[in-house]
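Student: need a 3D model of the sequence below.
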Amino acid sequence: MLAAGDEPVDIAVSHLANPDRAETLAERLRGRVPKLDELVINQVGAVIGAHVGPGMLPSSSPHL
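Tutor: Here you go, the predicted model:
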């Protein structure tokens, strides 16, 4: 098992009608994740959006 911070990390920040908060979260992550390799911001599609509603702001990484 790897310790936190041993390898580069890719992170995605998704949002629904909330690009300003998504960018704010992305900036905070850039400052706090030392081995951040790639950070992507995207807006979720209609299927997920219909279930969560506007304002949603999750983040994900395959390494977390």
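Student: show me the contacts for P54.
Tutor: L16, A17, N18 (C-beta atoms under 8 Å, 6 or more residues apart in numbering). Quick note: C-beta positions are derived from backbone N, CA and C, even for glycine.
Student: count residues in the vicinity of the last one, would you?
Tutor: When counting by other C-beta atoms under 10 Å, one arrives at 16 neighbours for N18.
Student: that one and V9, how far apart?
Tutor: According to C-beta to C-beta, to the nearest Å, N18 and V9 sit 23 Å apart.
Student: run through the residues that contact the residue most central in space within the chain.
Tutor: The centroid of the chain falls nearest to V13 when counting by C-alpha atoms, centre = their mean (2.2 Å). Residues near V13 by C-beta under 8 Å, 6+ apart: A22, L25, A26, L29, L39, V40, I41, N42, L57, P58, S59.
Student: A22 touches L57, doesn't it?
Tutor: Yes - between A22 and L57 there is a contact under C-beta atoms under 8 Å: 6.2 Å.
Student: of these two, which one has the most company?
Tutor: A22 (20 against 14).
Student: host element of V40?
Tutor: Per DSSP states H and E, V40 falls inside strand 36-43.
Student: now T24
Tutor: helix 19-32.
Student: what of H51?
Tutor: Using DSSP H and E, H51 falls in helix 46-52.
Student: cool, M56 as well?
Tutor: Here M56 is assigned to no helix or strand, by DSSP H and E.
Student: what is in contact with A22 and L57 at once?
Tutor: Joint contacts of A22 and L57 (C-beta under 8 Å, 6+ apart) are V13, S14, H15.
Student: which member of those residues is positioned nearest H51?
Tutor: H51 lies nearest to S14 out of the shared contacts of A22 and L57, by C-beta to C-beta, at 13.0 Å.
Student: any idea of the pLDDT on that closest one?
Tutor: Note on S14: pLDDT of 92.
Student: ok, it - contacts?
Tutor: Going by C-beta under 8 Å, 6+ apart, S14 touches A22, I41, N42, Q43, V44, M56, L57, P58, S59, S60.
Student: would you agree it falls within a strand?
Tutor: Yes - under DSSP: H, G, I helix; E, B strand; the rest coil, S14 falls within a strand.
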